[in-house]
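1. give the three-dimensional model of this entry:
(2 chains)
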Amino acid sequence: MIVYIIKRIGMMIPTLIIISMVSFVIIQLPPGDYLTSYAANLRQEGDMVDTDELEMLAERYGLGQPIYVQYWKWVSGIILRGDWGQSMEWRKPVKDLIWERMALTVFLSLISILVSWFVAIPVGVFSATHQYSMPDYLFSALSFIGAGTPGFMIALVIMWIAMRQFGLNVGGLFSREYMVEPWSLAKFVDLMKHVWMPVVVIALGSTAGSIRTTRANVLDELQRPYVETARAKGLRERKLIWKYPVRVAMNPFFSTVGWTLASLISGQTLVAVVLSLQTTGPMMLRALTSQDMYLAGSFLLLLSTLTVLGTLISDILLAWVDPRIRMGS
Amino acid sequence: MDDSNLLVEVKDLETYFYLDEGMVRAVDGAQFDIYRGKTLGVVGESGCGKSVTARSIMRIVPKPGRIVGGQILYHRASNGHGEEVLDLASLAAQGDRIRSIRGAEIAMVFQEPMTSLSPVHTIGNQIAEVILLHQGVSKKEARELSIEMLDLVGMPLPSRTIDQYSHELSGGMRQRAMIAMALSCRPSLLVADEPTTALDVTTEAQILTLMRRLQDEMGMAIMYITHNLGVIAQMAEDVVVMYMGEVVEQADVDTIFHDPVHPYTSALLQSIPRLGQKLGEGRRLASIRGMVPDPYALPKGCKFHPRCGAFKAGLCDQIEPEMLEVSPGHRVRCFLDAKLG
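-> Purely as a prediction, here's the structure:
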């Protein structure tokens, strides 16, 4: 097991190096760069352009130099100094911009995932064990609707209802007065007051999918002879269902839990835009459209790293819960 | 046979499956007795209702099947004072009553030892589970008892095997683990549903010897289901031959092999290859002609008549034969026997 983990980590390093190169090339691909378009914009508006500042930035990031020099300056900055570069648009170091948003995003997504599983697994198991019953049809219909309705749409509808019926403005994660405040207990309480709505919206979509997955997996496992063996032991039906088929049917959850890491950052961007959440999605979208290359590059790199890391976590989890995989390695 | 040794009386058992395509009478009036400490062999082709009969006794008939008629009288030994007779067919399939019997007094071993064990639980976990459920002992005691059982079924290194998973064991070892699990509460009846079909012949012989030995030691009755008459000859004292959910012939094992009356039994016997039998010069191993009938459209009269070599038109295809006793303990569902007139 330990050898397996070390081997997997060893394989991650070259993957990450290649990924960082590819992300860098991708963010360099569009013609022009932020500095040029920034200067052009300023000139158009008749403003003075501080050429000294532009030259300093160009020097710092090796703009205009060959791409491998730029790449090296970028990557060595991240690894050696923890310097993710400067966001051209926000005029702030990238690291000052992303971490708070990252923390909020992870917090929001984890709650949504937990809520979604907490609902989806019992409902999915119930649907499977009561296949073709009325509640099963009802849950199936609901989950098809849930899976088929875009999250931003649900968000809009809920916002509209909240506004119309209760006069509430449910957008955002904080009330206005706490928006720029430093963290405090009161700010956290304020966050908790706002967080339910994005959680409901985000969880709805994934709950619908998870119900279908759970139902299908459990249905598959219910047919297996080991379930009959358990029944022949005289176990209570409910107990044996949760101990045997559900336990095996959960394996796909463990094998995909790692992927959710990456979707933490980029996922639910539309919902976040609609609800004006201070998460990473909208910021990344903006960085990409405005060619804010270091911010966009940092997001791309983080995203890829989390994907690789997530896959590793999934594999370790799966090996931990499934002895067949553990022994095979 | 002595009635005080009666363990299970199956009477007119009917287990039907209600499918979208129609109703299937998987078991249609089966009737037989199981005696304490004896082995009853149940033979028949695939789909004749052997396994559903076994599951009916266990009360684990899968949906959409259910018992619609008949009785399964279980003579349960009450501590010290005689016995109580319980109709298993009338109990609630998920009720406390049947669950206290299922797995403890009547246990079952299945066909596929690979898939019949959970892939994600250790052997020990699955054996100890039955012991914990029925015997009210501590976890530590349950583990010790599990190791004891594994030792009893001839598992090498039982104290190590107990922490292994089923995929780490060979087919024979898995079936030994299944047997250990089934016998861990010392049942009075072991239902074995083709326990050696998935195994190679050498392993099969070992498992059969093991079951015989354990039967001698523990004194349980065995209901042994198979399509293999060779295994029946080795294992059983009494034999029930099933066809399309009905018992067509039943007798002791010698009578079945040497003096069969029903054409179906004879046909089954002729389809066994024999050592030393010459098959050259155009002689082929006999097979039963035709196929098992469509369960949605059963033939009228005797259900075997379309495949029977000796069927009498106007009789066999019109009237369903009754079960009749041709000699003590030998009963047949057929018109052929002259003694029946």
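
2. and whichever residue of chain B sits closest to chain A, how many neighbours?
-> When scored by Cβ to the nearest Cβ, chain B has residue B:103 as its residue closest to chain A, at 3.5 Å. For the C-beta atoms, the positions are set from N, CA and C on the backbone; glycine is no exception. The number of residues packed near residue B:103 is 28, by other Cβ atoms under 10 Å in any protein chain shown.

3. quick check: closest non-adjacent residue to residue B:47.
-> residue B:292 (5.3 Å; Cβ to Cβ, 6 or more residues apart in numbering or on different chains).

4. that neighbour: which element?
-> Here residue B:292, judged by DSSP states H and E, is contained in no helix and no strand.

5. do the same with residue A:173
-> Counting by DSSP H and E, residue A:173 is found in no helix or strand.

6. check contacts around it.
-> Contacts for residue A:173 (Cβ atoms under 8 Å, 6 or more residues apart in numbering or on different chains) come out as A:104, A:108, A:191, A:194-195, A:198, A:277-279.

7. check contacts around residue B:323.
-> Applying Cβ under 8 Å, 6+ apart, the residues contacting residue B:323 are B:31, B:247, B:331-333.

8. count of neighbours near residue B:87?
-> With other Cβ under 10 Å as criterion, residue B:87 counts 13.

9. ok, it touching residue B:67?
-> No: using Cβ atoms under 8 Å as the test, residue B:87 is too far from residue B:67 to be in contact (10.6 Å).

10. surely residue A:226 and residue B:115 touch.
-> Yes: between residue A:226 and residue B:115 there is a contact under Cβ under 8 Å: 6.3 Å.

11. those two - which one has more neighbours?
-> Set side by side, residue A:226 and residue B:115 show more neighbours around residue A:226, with 24 against 19, by other Cβ under 10 Å.

12. for the more buried one, give its distance to residue A:156.
-> Plainly put, residue A:226 is 47 Å away from residue A:156 if you go by Cβ to Cβ, to the nearest Å.

13. which parts of chain A are strands?
-> A:86-87, A:92-93 (DSSP state E).

14. in its sheet, which strands sit next to the last one, and in what direction?
-> Based on DSSP bridges, the strands next to strand A:92-93 in the sheet, each with its direction, are strand A:86-87 (antiparallel).

15. show the model's pLDDT score for the residue nearest to residue A:307 when sequence neighbours are not counted.
-> Nearest residue to residue A:307 in three dimensions, chain neighbours excluded: residue A:262, at 4.2 Å (Cβ to Cβ, 6+ apart). Looking at residue A:262, its pLDDT stands at 71.

16. could you check how far residue A:262 is from chain B?
-> 27 Å (Cβ to the nearest Cβ, to the nearest Å).

17. that residue touches residue A:311, doesn't it?
-> No: using Cβ under 8 Å, residue A:262 is not in contact with residue A:311, being 9.2 Å away.

18. test my guess that residue B:227 contacts residue B:42.
-> No: the criterion here is Cβ under 8 Å, and residue B:227 misses it with residue B:42 at 9.7 Å.

19. which of the two has more neighbours?
-> Higher neighbour count among residue B:227 and residue B:42: residue B:42, with 31 against 16, using other Cβ under 10 Å.

20. and that one, what element?
-> Residue B:42 is part of strand B:39-43 when elements are defined by DSSP H and E.

21. residue B:100 too?
-> helix B:96-101.

22. and if you look at residue B:127?
-> Using DSSP H and E, residue B:127 falls in helix B:123-135.

23. buried residues in the helix or strand just after that helix?
-> Following helix B:123-135 in sequence order, the next helix or strand is helix B:139-152 (DSSP H and E). For helix B:139-152, the neighbour count (16 or more other Cβ atoms under 10 Å in any protein chain shown) marks B:142-147, B:149-150, B:152 as buried.

24. which of those residues sits closest to residue A:53?
-> Taking Cβ to Cβ as the measure, residue B:143 is the one of the buried residues of helix B:139-152 closest to residue A:53, at 74.1 Å.

25. the closest one against residue B:132, yeah?
-> No: with contact defined as Cβ under 8 Å, residue B:143 does not count as touching residue B:132 (9.7 Å).

26. how about residue B:75, secondary structure?
-> Residue B:75 falls in the strand class when you classify it by DSSP: H, G, I helix; E, B strand; the rest coil.

27. show residues contacting stretch B:168-179.
-> Residues contacting stretch B:168-179 (Cβ under 8 Å, 6+ apart): A:229, A:327, B:109-110, B:113-114, B:116-117, B:123, B:126-127, B:150, B:153-155, B:161, B:166, B:195-196, B:198-200, B:203, B:206-207, B:210-211, B:214.

28. report the buried members of those.
-> Buried among the contacts of stretch B:168-179 (16+ other Cβ under 10 Å): A:229, B:109-110, B:113-114, B:116-117, B:123, B:126-127, B:150, B:153-155, B:161, B:166, B:195-196, B:198-199, B:203, B:206-207, B:210-211, B:214.

29. list the ones among those that fall in helices.
-> Mapping the buried ones among the contacts of stretch B:168-179 onto helices (DSSP state H) picks out A:229, B:123, B:126-127, B:150, B:161, B:203, B:206-207, B:210-211, B:214.

30. with distance to residue A:70 and pLDDT as extra columns, can I get the residues you listed in a markdown table?
-> Putting these into a markdown table (distance: Cβ to Cβ, whole Å; pLDDT from 0 to 100) gives the following:
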| residue | distance to residue A:70 | pLDDT |
| --- | --- | --- |
| A:229 | 63 | 93 |
| B:123 | 60 | 94 |
| B:126 | 60 | 95 |
| B:127 | 65 | 95 |
| B:150 | 66 | 95 |
| B:161 | 61 | 92 |
| B:203 | 68 | 90 |
| B:206 | 72 | 91 |
| B:207 | 71 | 92 |
| B:210 | 74 | 93 |
| B:211 | 76 | 93 |
| B:214 | 77 | 94 |
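
31. turn the residues you listed into a markdown table, columns for distance to residue A:137.
-> Below are these laid out as a markdown table (distance: Cβ to Cβ, whole Å):
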| residue | distance to residue A:137 |
| --- | --- |
| A:229 | 31 |
| B:123 | 40 |
| B:126 | 35 |
| B:127 | 40 |
| B:150 | 46 |
| B:161 | 46 |
| B:203 | 47 |
| B:206 | 50 |
| B:207 | 45 |
| B:210 | 49 |
| B:211 | 46 |
| B:214 | 48 |
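
32. what's the local residue count around whatever residue of the stretch 1-150 of chain A ends up closest to chain B?
-> Nearest residue of the stretch 1-150 of chain A to chain B (Cβ to the nearest Cβ) works out as residue A:131 at 9.1 Å. By the criterion of other Cβ under 10 Å, residue A:131 has 14 neighbours.

33. show me which residues of chain A are close to chain B?
-> Contacts of chain A with chain B, taken as Cβ under 8 Å from any Cβ of the partner chain, map to A:224-226, A:228-237, A:243-244, A:247-248, A:321-324, A:327.

34. which of the residues you listed count as buried?
-> A:224, A:226, A:228-235, A:243-244, A:247-248, A:321-323.

35. quick check: closest non-adjacent residue to whichever residue of the stretch 201-329 of chain A sits closest to chain B.
-> Chain B sits closest to residue A:234 of the stretch 201-329 of chain A, with a gap of 3.5 Å, by Cβ to the nearest Cβ. In space, and not counting its chain neighbours, residue A:234 is closest to residue B:103: 3.5 Å by Cβ to Cβ, 6+ apart.

36. what's near enough to touch the one you found?
-> A:232-235, B:130, B:133-134, B:185, B:187.

37. as JSON lines, the residues you listed with distance to residue A:177 and pLDDT would be great.
-> Formatted as JSON lines, the contacts of residue B:103 follow (distance: Cβ to Cβ, whole Å; pLDDT from 0 to 100):
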{"residue": "A:232", "distance to residue A:177": "64", "pLDDT": "93"}
{"residue": "A:233", "distance to residue A:177": "61", "pLDDT": "93"}
{"residue": "A:234", "distance to residue A:177": "62", "pLDDT": "91"}
{"residue": "A:235", "distance to residue A:177": "57", "pLDDT": "92"}
{"residue": "B:130", "distance to residue A:177": "63", "pLDDT": "94"}
{"residue": "B:133", "distance to residue A:177": "59", "pLDDT": "94"}
{"residue": "B:134", "distance to residue A:177": "64", "pLDDT": "93"}
{"residue": "B:185", "distance to residue A:177": "68", "pLDDT": "92"}
{"residue": "B:187", "distance to residue A:177": "72", "pLDDT": "94"}
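
38. nice, that's everything, thank you.
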